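# Fold the following and give me the result.
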Amino acid sequence: LPPYSPDLNPIEKKWAQAKSIRRKLRCDPYELFSKIDHLTK
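Predicted coordinates:
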């Protein structure tokens, strides 16, 4: 297997963004995912 490289995996960047937003908004993960789900529909 190739070595793990999170900086080359685009989904890792999106998860980092989601975590950053969650920290700024101080909401729990379920609330954040609910908001994301609402925005993507």
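# Just give me the neighbour total for Trp15.
By other Cβ atoms under 10 Å, 12 other residues sit near Trp15. Heads up, the C-betas are built off the backbone N, CA and C, glycines and all.
# Return the residues in contact with it.
If you count contacts by Cβ atoms under 8 Å, 6 or more residues apart in numbering, Trp15 has none.
# For this protein, which segments are assigned as helices?
Using DSSP state H, the helices of the chain run over 10-25, 29-39.
# so which of these gets nearest Pro3?
Among the helices of the chain, the nearest to Pro3 by Cβ to Cβ is helix 10-25 (14.0 Å).
# what's the spacing between the closest one and its chain's center?
Centre-to-centre, helix 10-25 and its host chain are 4 Å apart (Cα atoms, centre = their mean, to the nearest Å).
# and it, C-alpha only, in CSV?
The C-alpha trace of helix 10-25 is given here as CSV (Å, rounded to 0.1, in the frame of the first residue of the first chain):
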residue,chain,number,x,y,z
PRO,A,10,-9.4,16.0,-1.2
ILE,A,11,-12.0,14.7,1.3
GLU,A,12,-9.5,15.3,4.1
LYS,A,13,-9.4,19.0,3.2
LYS,A,14,-13.2,19.1,3.3
TRP,A,15,-13.3,17.4,6.7
ALA,A,16,-10.8,19.8,8.0
GLN,A,17,-13.0,22.7,6.8
ALA,A,18,-16.1,21.2,8.4
LYS,A,19,-14.2,20.8,11.7
SER,A,20,-13.0,24.4,11.5
ILE,A,21,-16.5,25.7,10.9
ARG,A,22,-17.9,23.5,13.7
ARG,A,23,-15.4,25.0,16.1
LYS,A,24,-16.2,28.6,15.0
LEU,A,25,-20.0,28.0,15.3
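# For it, list every residue counted as buried.
Neighbour counts using 16 or more other Cβ atoms under 10 Å place Arg22 of helix 10-25 among the buried residues.
# could you give the angle of it to helix 29-39?
Angular relation of helix 10-25 and helix 29-39 on a 0 to 180 degree scale: 110 degrees, by axes from the mean of the first three to the mean of the last three Cα atoms, to 10 degrees.
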